[in-house]
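>>> Next one to model:
(chains A, B, C and D)
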2 protein chains.
Amino acid sequence: MTRGVRLTPIRYQVLELIWGSHKAVKAYDLLDRIKPLQPMAKPATVYRALDFLIEQGLIHRVESLNAFIGCSYSGQQHEQLLLICKLCHEVEERAAEKVMKTLAREMKQLAFVAHSKSIEIHGICIKCAQPMVNQT
Amino acid sequence: MTRGVRLTPIRYQVLELIWGSHKAVKAYDLLDRIKPLQPMAKPATVYRALDFLIEQGLIHRVESLNAFIGCSYSGQQHEQLLLICKLCHEVEERAAEKVMKTLAREMKQLAFVAHSKSIEIHGICIKCAQPMVNQT
DNA sequence: AATTGAAATGTTATGGTATAACATTTCAAT
DNA sequence: ATTGAAATGTTATACCATAACATTTCAATT
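Reported below is the predicted structural model:
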């Protein structure tokens, strides 16, 4: 039986597109952008690749945007929060260990067994806030 | 100019339906369920009511479910996390002040100005875990 | 009581997101 | 060469959400 995980051309192309953007990417935008490479591509093509990449921990789904972002800590731990800038739309991933620890303590206290977490913060990133400061 | 906020029949009916459920409710389910009361109702009818109720802080959108849940702390603070049980599908809202404080500290350190937060934890709630324990 | 203007609702249409179901192909292990 | 699971192709459809414009409601004003 084959046991190796296969990063096929389609999957790789989707991954490249996602990793090439610091903004979250939408499934149908991905579809448009892989069509030149994979003229046969249809929604299912993209969604299957996305499912695979998420399973492998190579990308994350951004629930509040219905979009996808490359994982900055691939292979490592899998607790992170996402900082989503309303201005530049860039998404930053942070491990935020203290937050996660506090959260874990809280869950334990409530006897809630967490399987997965979606922590998404919308606001203004430092790069977008800085220029405003300079306009004194 | 009218300044009072108006909880019209449609809005009230939608709110009642959402508050009557401990599970997150989908927009089109709401549509089906208000149709007996409001035969004219269409998707926009429901989505407008939902927008209003969210603005007023009476309900929350559950991003990871594309669904809506009543707010347990209406009118008060508005930092909360949602615990979503995979088994019974009930959603519990928690203020989790320690978590929020830790998160605020983290945001400050990163100079990220948070406007809104979506913190959704999927797992098994205490009520659903308990029965398993009893099956010794 | 009539006027008025904003808020709310009615209505039609469409766009965006995602998956089910079944057919076919690929590919590594045998 | 065979084979069987994984991947992909293909068609269809379901689900989620909003745009745009028409009409109605209703409280404040005249």
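>>> I figured A:I84 hits A:L65, correct?
Yes. With contact defined as CB atoms under 8 Å, A:I84 reaches A:L65; the gap is 7.0 Å. Bear in mind the C-beta positions are built from the backbone N, C-alpha and C, glycine included.
>>> higher neighbour count, the two?
Set A:I84 next to A:L65 and count neighbours by other CB atoms under 10 Å in any protein chain shown: A:I84 wins out with 26 against 19.
>>> helix/strand/coil for the more buried one?
Secondary structure, DSSP: H, G, I helix; E, B strand; the rest coil: A:I84 is strand.
>>> residues in contact with it?
Shown in contact with A:I84 (CB atoms under 8 Å, 6 or more residues apart in numbering or on different chains): A:24, A:62, A:64-65, A:90-91, A:120-123.
>>> and chain A, what are its domains?
A:9-70, A:81-134 (automatic domain parsing).
>>> for these, which one sits closest to DNA strand C?
Among the domains of chain A, the nearest to DNA strand C by CB to the nearest atom of the strand is domain A:9-70 (3.9 Å).
>>> Show me how far that closest one is from its chain's centre.
Centroid separation for domain A:9-70 versus its chain: 10 Å, with CA atoms, centre = their mean, to the nearest Å.
>>> For A:P9, the count of nearby residues, please.
A:P9 - counted by other CB under 10 Å - has 11 other residues nearby.
>>> State the distance from it to A:A41.
A:P9 sits 11 Å away from A:A41, going by CB to CB, to the nearest Å.
>>> now A:S21
Distance from A:S21 to A:A41, by CB to CB: 18 Å.
>>> who in chain A is up against DNA strand D?
Within reach of DNA strand D by CB under 7 Å from any atom of the strand, chain A has these residues: A:1-2, A:5-6, A:8-11, A:38, A:40-45, A:48-49, A:52.
>>> Drop anything exposed from those.
Neighbour-count burial (16 or more other CB atoms under 10 Å in any protein chain shown) applied to the residues of chain A next to DNA strand D gives A:10-11, A:38, A:41, A:45, A:49, A:52.
>>> Kindly reformat those residues as a markdown table and extend each row with secondary structure.
Shown next, in a markdown table, are those (three-state DSSP):
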| residue | secondary structure |
| --- | --- |
| A:I10 | helix |
| A:R11 | helix |
| A:Q38 | coil |
| A:A41 | coil |
| A:T45 | helix |
| A:A49 | helix |
| A:F52 | helix |
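>>> Lowest-confidence one in the residues you listed?
Scanning these for pLDDT, the smallest score is found at A:Q38, 95.
>>> Now for it: which residues touch it?
Contacts of A:Q38 by CB under 8 Å, 6+ apart are A:9-10, A:13, A:45.
>>> from the residues you listed, which single one is nearest chain B?
A:T45 (22.7 Å; CB to the nearest CB).
>>> Please name the nearest non-neighbouring residue to the closest one.
Excluding its sequence neighbours, the residue lying closest to A:T45 (CB to CB, 6 or more residues apart in numbering or on different chains) is A:I10, at 6.3 Å.
>>> Check A:M107 too.
With CB to CB, 6+ apart, the residue lying closest to A:M107 is A:A114, at 5.1 Å.
>>> could you say which helix or strand contains that neighbour?
A:A114 is part of strand A:113-124 when elements are defined by DSSP states H and E.
>>> Distance of A:R105 relative to chain B?
8 Å (CB to the nearest CB, to the nearest Å).
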